[in-house]
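Peer 1: just a sequence and a predicted model for now, questions to come.
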Amino acid sequence: HVYNPYWVFEEEASTGYLKLAKTRKEIIARRQDLPKSFYRDGAVYIVKKEVVLNDYSLYGDKIIHHILQHSPNINIDTMDDWKEAVAYAKEI
């Protein structure tokens, strides 16, 4: 539910106020009522070479998913991220 697009907000450039990212007028209040959704964690991409070379994209016309069980989801952008990843690797 944390990544569900129906609970994600965007900032309106003109006012600075937040609005629902999806085109809905009202917030879905209960987590149980949210539509099923998925988020991209970037762990694996399988893409046809032509899509990357011709469309400059990692996405083709058809997108499927694979749910990773117990994925640590560590994104390394800084030295602190690297240290966290090393600490996690030592634990497993």
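Peer 2: Okay, I see it. For clarity, every value in this text was computed on a predicted model and none was experimentally measured.
Peer 1: now the strands for this structure?
Peer 2: Remark: strands assigned in the chain by DSSP state E are 9-11, 18-20.
Peer 1: nearest to Ile76, of the ones you listed?
Peer 2: Across the strands of the chain, the minimum distance to Ile76, taken as C-beta to C-beta, is reached by strand 9-11, at 26.8 Å. Glycine gets a C-beta too; all of them are placed from N, C-alpha and C.
Peer 1: chain center to the closest one, what's the gap?
Peer 2: 15 Å (C-alpha atoms, centre = their mean, to the nearest Å).
Peer 1: ok, and what's touching it?
Peer 2: Strand 9-11 is contacted by residues 17-21 when judged by C-beta atoms under 8 Å, 6 or more residues apart in numbering.
Peer 1: dump those residues to CSV, plus pLDDT.
Peer 2: CSV is the format used below for the contacts of strand 9-11 (pLDDT from 0 to 100):
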residue, pLDDT
Tyr17, 87
Leu18, 81
Lys19, 78
Leu20, 76
Ala21, 75
